[in-house]
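Trainee: Test case, fold it:
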Amino acid sequence: ESEEFNKNKSKIDKEHDKIIKRVFQSKKEAARFISKVIGRKIKARDLIVSQNSFVTSELRYREADIVYKIRNKNVVILIEHQTRVDYRMAYRILNYQIEIMRANEVENPRKEDKECLVIPIVLYTGKEKWTAKNYIKEIQERLYEEKIIKRGEIELGTLGYYALVDVNNYTKEELLKEEGILSKIMLIEKERNTKDLVRTMFEIKEKIQNDKNKEVVYTTMELALNKKFGTKVARKIMEKIIGKESGDMLAVEEMVLKENKMLRDEGRKIGISEGKR
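Mentor: As a prediction, this is how the structure comes out:
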């Protein structure tokens, strides 16, 4: 089982990244998320899917996660999903902004047109607190020790700066109350303790029963369980939560505790064997 976890971890992370991208392909979900971040109401019908792949001036291929253009505005929203802290994120964002502006210039060559405004947003769903800097100037060498502009004073769309949405800054209650499925996926990522995760899954199930995109959330649940217990056990637990054999929460918790004990015992045996060797 342990070998299976290590082998599948990269695959699971990639599958999870696909789920987040799939969520943002829904203009309704994207509009809700963007509106909350920028503090202005954006309607789904005002979002236009834009090009997310670019060939740089050095002829290197780059692909952003999600890129939307706002209808009748020369404004682009870039959404990047991260599961790990990237200390060069501000540099990456700067590159994306420049490439999007360059692509926009090719599409709209008229000199009288205003330059494209690119607003980057990074959605982080990792376990650790995000400690990377949000602004390109904060990771550059300085000639003098002048004060760096604080994050709260920087306008959205400033080159090399991105707005961060860190799952660790939200409470469980806030994420459960939020409309849409993205907040539920964020909540699944937020839970650390296996017992709490199972309880949260039952609560989420009740919240999304009438959501047409609930299958995406169920897939996220299974991936989270897969990371902890492996494919076979994850499927058994999911059957108990949402399948035909769905039972009560206490029965599922008991099953999870049993699996946790088995994993701990296996770990002890491996440790003893390694110690002897």
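Trainee: Can you show me the CA trace of stretch 192-209 as PDB?
Mentor: As requested, the backbone C-alpha atoms of stretch 192-209 are provided in PDB (Å, rounded to 0.1, in the frame of the first residue of the first chain):
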ATOM      1  CA  ARG A 192      -5.900  17.400   7.800                       C
ATOM      2  CA  ASN A 193      -7.400  14.800  10.100                       C
ATOM      3  CA  THR A 194      -8.900  11.700   8.500                       C
ATOM      4  CA  LYS A 195     -11.800  11.500  10.900                       C
ATOM      5  CA  ASP A 196     -12.600  15.200  10.300                       C
ATOM      6  CA  LEU A 197     -12.300  14.600   6.500                       C
ATOM      7  CA  VAL A 198     -15.000  11.900   6.600                       C
ATOM      8  CA  ARG A 199     -17.300  14.000   8.700                       C
ATOM      9  CA  THR A 200     -16.800  16.900   6.300                       C
ATOM     10  CA  MET A 201     -17.600  14.700   3.300                       C
ATOM     11  CA  PHE A 202     -21.000  13.800   4.900                       C
ATOM     12  CA  GLU A 203     -21.700  17.500   5.400                       C
ATOM     13  CA  ILE A 204     -20.700  18.400   1.900                       C
ATOM     14  CA  LYS A 205     -22.800  15.600   0.500                       C
ATOM     15  CA  GLU A 206     -25.900  17.100   2.100                       C
ATOM     16  CA  LYS A 207     -25.000  20.600   0.700                       C
ATOM     17  CA  ILE A 208     -24.500  19.500  -2.900                       C
ATOM     18  CA  GLN A 209     -27.200  16.900  -3.400                       C
END
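Trainee: Please list the residues outside that stretch that contact it.
Mentor: The set of residues external to stretch 192-209 that reach it, using Cβ atoms under 8 Å, 6 or more residues apart in numbering, is 127, 172, 176, 181, 184, 187-188, 191, 214, 217, 221, 224-225, 228, 237, 241-242, 249, 252-253, 256-257, 260. Bear in mind the C-beta positions are built from the backbone N, C-alpha and C, glycine included.
Trainee: Buried only: go through the residues you listed for me.
Mentor: The neighbour-count test (16 or more other Cβ atoms under 10 Å) applied to the contacts of stretch 192-209 identifies 176, 181, 184, 187-188, 191, 214, 217, 221, 224-225, 228, 237, 241-242, 252, 256 as buried.
Trainee: coming back round to it: can you tell me which of the contacts of stretch 192-209 end up in helices?
Mentor: Where the contacts of stretch 192-209 overlap with helices, as defined by DSSP state H, the overlap consists of 172, 176, 184, 187-188, 214, 217, 221, 224-225, 228, 237, 241, 249, 252-253, 256-257, 260.
Trainee: residues touching the nearest residue to residue 213 once chain neighbours are set aside, list them.
Mentor: Distances taken as Cβ to Cβ, 6 or more residues apart in numbering put residue 181 closest to residue 213, at 5.1 Å, once the chain neighbours are dropped. Applying Cβ under 8 Å, 6+ apart, we find residue 181 in contact with 23, 29, 208, 211, 213, 214, 216, 217.
Trainee: And residue 98, by the same measure?
Mentor: Taking Cβ under 8 Å, 6+ apart, one finds residue 159 in contact with residue 98.
Trainee: quick one on the thing from earlier: same list, the contacts of residue 181, but as TSV with pLDDT and distance to residue 120 please.
Mentor: Supplementary listing: the contacts of residue 181 in TSV, determined by pLDDT from 0 to 100; distance: Cβ to Cβ, whole Å:
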residue	pLDDT	distance to residue 120
23	90	18
29	93	18
208	90	29
211	88	28
213	89	25
214	90	30
216	92	24
217	91	26
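Trainee: just those residues now: which is nearest residue 95?
Mentor: The closest of the contacts of residue 181 to residue 95 turns out to be residue 23 (Cβ to Cβ; 24.6 Å).
Trainee: That closest one contacts residue 185, correct?
Mentor: Yes. At 6.7 Å, residue 23 and residue 185 qualify as touching, with contact defined as Cβ atoms under 8 Å.
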